[in-house]
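In: any chance you can model this:
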Amino acid sequence: MRPSSAYLLFLAALLLLAEAAVVHARWERVRSTPILEEQAAVVGRLGLTDLCLFTEARYTRHPSQADRFSPFQDHPHALEHFPSGSLVAPPREPGASP
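Out: Got it, this is the predicted structure:
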């Protein structure tokens, strides 16, 4: 097999995978539409704005809004002020190993 034929075969396989991803995304959207509509109705009825896990400490309110050092604003070795801080850890840096 010539290198150009192998490349074209590889390119065709990638295009098929891309098309499969698009079809899967459309299928998932159709499948999850009733669930999303039901959740949107609950959010509208309750007047919710965003996910709120706890209301005490600001770094436990929403995982995407917390910064790395908000739990340590008083002192790095300070005791935890809020009980929810023992349930939810501050978010890790992207790419950090567990």
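In: quick one: mean pLDDT for the helix or strand hosting residue 5?
Out: Following DSSP states H and E, one finds residue 5 within helix 3-46. On average, the pLDDT along helix 3-46 is 93.
In: report all helices and strands that it contacts.
Out: On a contact count with 3 or more CB pairs under 8 Å, 6 or more residues apart in numbering; DSSP states H and E, helix 3-46 meets no helix or strand. In this view, the C-beta of every residue, glycine as well, is placed from N, C-alpha and C.
In: how about residue 10, what does it touch?
Out: Residues in contact with residue 10 (CB atoms under 8 Å, 6 or more residues apart in numbering): none are found.
In: break the chain down into its domains, please.
Out: Using automatic domain parsing, the domain ranges for the chain come out as 1-48, 50-93.
In: so the residue nearest to residue 42 when sequence neighbours are not counted: helix, strand or coil?
Out: Excluding the flanking residues, the one nearest residue 42 by CB to CB, 6 or more residues apart in numbering is residue 48, at 7.8 Å. Following DSSP: H, G, I helix; E, B strand; the rest coil, residue 48 is assigned to coil.
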